[in-house]
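A.B. asks: Sequence and computational prediction follow.
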Amino acid sequence: MEKNKIVQLLSKVRAGKISPEDAFQMLRHLPYEDLGFAKVDHHRLIRSGMPEVVFCQGKSLKHILAIFGSLEKENKTVLLTRADKKTFQAVRRLNRKAVYNELARTISLEDKKAKKEGKVGVVCAGSADIPAAEEAAVTAEIFGSRVERVYDVGVAGIHRLLDCFKRISDSHCIVVLAGMDGVLPSVIGGLASCPVIAVPTSVGYGANFNGIAPLLTMLNSCAPNVSVVNINNGFGAGYIAALINRMKNE
C-alpha cells in the first residue's frame, strides 16, 4: 500500500467513515517491498506477530545483504538461518550489532528491551544433535521465549534425562531433537504435560537413512502430545514453540 493510500485510510478513520478496527485489518495486509529478486514482507509482524525470517542457504551473498538491509530498516528483530561465517562477516559490516551463533548457523538482531516470557524447553539426545537444537533455541529466544537447554540426555543413558527433567517440567512447550532411533520425544511426551515438538536429525549410521528412520519413529509415537517437523528443522520447531509459549502467556 502506497503512503498516500495509508494517509487516505487514516483520514477516513478520523472522519468516522471507517472504524479503527476495520482499518487495522486492512493494514494487516499491506504489500511487500519488491526488490526485483525478492519480495520482502515488512508487515508480517503485524499480520502474524513475528517478522519475516531469511533462509540463507542457496541465496547469493548480494541478495542476502539486500534482504537484510531491507528488513533491518523496518524491524528491531531480524533472523537469518543457515548462514555461514562469510555471510556473517558481510552482514556485520552493515550492522555491528549482528550476532552469529556458529553452532546454529544463525545471524540475528534482537530487541534487547524485549522481555523474555514463559518457558520453552529444548532437549537433544546426543551432542551431535546440538546444531539443530541451537537453531531451535535461538529461534524461540529471538521471538520472545525464555529457553531452558538440556543437551545429551538420550535414552542410551536415560538416568541423565530423569536427573534434570525438573528443569523443563514447567515448560509451555518442549522441543526434542534426536537422530539414531529417534525415541526420545516419545519418552519425554510420556513425562510432560505440555506439547512436545519432535525434530528428527540426520545423525546416525546407515540405517538412519539421513533422518528418515527417526522421522518415521516420531510420526508413529504413541505419546499423543507429540507432533513432528521435518528433518533437521530446528527453526520450524523453535518458531512453533515460541507461538505456543506466547499463547500461554496471553
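C.D. replies: Received, thanks.

A.B. asks: going forward, measure contacts between C-alpha atoms and count neighbours the same way
C.D. replies: Noted.

A.B. asks: What is the neighbour count of Phe143?
C.D. replies: The number of residues packed near Phe143 is 27, by other CA atoms under 10 Å.

A.B. asks: Can you show me the strands along the protein?
C.D. replies: Along the chain, the stretches classed as strands by DSSP state E are 33-34, 39-40, 53-55, 78-81, 99-101, 106-109, 117-124, 145-150, 173-178, 196-200, 226-228.

A.B. asks: With distance to Arg167 and mean pLDDT as extra columns, can I get those in JSON lines?
C.D. replies: Listed next are these as JSON lines, based on distance: least, CA to CA, whole Å; pLDDT from 0 to 100:
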{"stretch": "strand 33-34", "distance to Arg167": "43", "mean pLDDT": "81"}
{"stretch": "strand 39-40", "distance to Arg167": "39", "mean pLDDT": "88"}
{"stretch": "strand 53-55", "distance to Arg167": "29", "mean pLDDT": "95"}
{"stretch": "strand 78-81", "distance to Arg167": "27", "mean pLDDT": "96"}
{"stretch": "strand 99-101", "distance to Arg167": "23", "mean pLDDT": "96"}
{"stretch": "strand 106-109", "distance to Arg167": "25", "mean pLDDT": "95"}
{"stretch": "strand 117-124", "distance to Arg167": "8", "mean pLDDT": "96"}
{"stretch": "strand 145-150", "distance to Arg167": "7", "mean pLDDT": "97"}
{"stretch": "strand 173-178", "distance to Arg167": "11", "mean pLDDT": "98"}
{"stretch": "strand 196-200", "distance to Arg167": "15", "mean pLDDT": "98"}
{"stretch": "strand 226-228", "distance to Arg167": "19", "mean pLDDT": "98"}
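
A.B. asks: can you tell which of the ones you listed is closest to Phe24?
C.D. replies: Of all the strands of the chain, strand 33-34 sits nearest to Phe24, with 19.3 Å by CA to CA.

A.B. asks: Take the strands of the chain and write them to CSV, including mean neighbour count.
C.D. replies: Output for the strands of the chain, formatted as CSV (neighbours: other CA atoms under 10 Å):
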stretch, mean neighbour count
strand 33-34, 13
strand 39-40, 16
strand 53-55, 18
strand 78-81, 22
strand 99-101, 18
strand 106-109, 23
strand 117-124, 26
strand 145-150, 21
strand 173-178, 31
strand 196-200, 31
strand 226-228, 22
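
A.B. asks: would you turn those into CSV with distance to Lys62?
C.D. replies: Putting the strands of the chain into CSV (distance: least, CA to CA, whole Å) gives the following:
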stretch, distance to Lys62
strand 33-34, 15
strand 39-40, 15
strand 53-55, 13
strand 78-81, 14
strand 99-101, 18
strand 106-109, 16
strand 117-124, 33
strand 145-150, 31
strand 173-178, 33
strand 196-200, 31
strand 226-228, 34
